[in-house]
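A.B. asks: Quick one, structure for this:
(chains A and B)
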Amino acid sequence: MEVKRYVEVSERLRRLLDDAEKQAKEIITQAEERAKKMVADVEEEAKNMRLKVETGEILDELVKDAEKSAEDEAKKVLEEYERKLSTLKEIPQERVQKAIELILRGVLPQ
Amino acid sequence: MSSKTVELEAQLIERILRRREEIISEAEKRAKEIIEEAREKVRKILVEGRETQLRLAGTDLKAVRDRILGEAEQEGRRKIMEARKEVISRVFNEVEDRLRAIAEGRDRSVNYLEVLLKLISEAASAVGERELVIAANERDMKYLTRELGGIEGAINKALGYDVKLTVEEEPIDCFGGVIVYDHPKRKIFYNTLDGRLLKARKGMEAEIAKVLGVI
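C.D. replies: Purely as a prediction, here's the structure:
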């Protein structure tokens, strides 16, 4: 009697493990399929990206991006020049006096 | 069924259930890894795609970048040049004010009459004739006419030979200095302070910029 019950329980447990294995395989298969699709989609997108440049379709967009980035850089360039300008406007008085004396020596006969 | 058998059976069921959970959990973990690997690959492909686009459109994009940055550089340099010019102009304007003050006798740090004599002497030497005409502004003209004898003596001494000076009756428009010429006006030497300042400005700008530290 006990042996029969043992066999039944063992059988149920083995099926339980088999189901789990099947479920695990299914989870991995689904993930692999999803991954495959993700990569295939993006490969297609990359192909289109290349095509769009080659046909000139995306050039305007790229040019706009390049303009935006260059304008940001240009702003920094101008800021640097503004910094130089502010130092130009703050010349020490002794330098100005030295320059005046130098010119006067050049203009007045010695 | 003995209690020991029941206990063993319960332990077996528990072990199997734990194993089942482990199998599912490992599969989920692996699935996550697969998706993450795919996401990484997607990111790489997109970056490469963008790089390919930029490479293919490179010449156009470089032209855009060069144009915008070139304009900014040009504008910046223009502003610097203007500011530098303004600073130098301010200095030369101050010099002009000083020269006017010297010529008008408001600035006594320089003896203008000595300056005037030197200017005449320099001009007379350059013209190299024995009979010379001196032209000056109205104020200096009056002084020169009044003191002509003394001035002629001083010039003769400075030159080492005698010259005959006359003063032009028509004043010239300048803030100081003289124009000296021979009677037929074949040889003319401009030695006004205005002219000398202008010449200095042309010749000394770089030097002045250096002194001011605006190079």
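A.B. asks: which residue ranges form the strands in chain A?
C.D. replies: Ranges of strands in chain A, per DSSP state E: none exist.
A.B. asks: what's the longest helix in chain B?
C.D. replies: Looking across chain B with DSSP state H, the single longest helix is helix B:3-56.
A.B. asks: same check, this time on chain A
C.D. replies: Longest helix in chain A by number of residues, with DSSP H as the criterion: helix A:2-54.
A.B. asks: Tell me the gap between that one and the middle of its chain.
C.D. replies: Its chain's C-alpha centre and that of helix A:2-54 lie 32 Å apart, by CA atoms, centre = their mean, to the nearest Å.
A.B. asks: before we move on, the earlier item: by contact count, what packs against the longest helix of chain B?
C.D. replies: Contact here means 3 or more CB pairs under 8 Å, 6 or more residues apart in numbering or on different chains; DSSP states H and E; on that basis helix B:3-56 packs against helix A:2-54. To be clear about C-beta, it is placed using only N, CA and C from the backbone, and glycine gets the same treatment.
A.B. asks: orientation of the helix it packs on relative to helix B:3-56 in degrees?
C.D. replies: With axes from the mean of the first three to the mean of the last three CA atoms, to 10 degrees defining the directions, helix A:2-54 sits at 10 degrees from helix B:3-56.
A.B. asks: and helix A:2-54, does that touch chain B?
C.D. replies: Yes: judged by CB under 8 Å from any CB of the partner chain, helix A:2-54 and chain B are in contact via A:2, A:5-6, A:9, A:13, A:16-17, A:19-21, A:23-25, A:27-28, A:30-32, A:34-36, A:38-39, A:42-43, A:45-46, A:49-50, A:52-54.
A.B. asks: residues near residue 22, how many?
C.D. replies: Just so you know, I chose chain A. Using other CB atoms under 10 Å in any protein chain shown, A:Lys22 has 11 other residues around it.
A.B. asks: switch to chain B, that's the one I care about
C.D. replies: B:Glu22: 12 neighbours (other CB under 10 Å).
A.B. asks: Next: the one 5 residues further on.
C.D. replies: A count of neighbours around B:Ala27, defined by other CB under 10 Å, yields 21.
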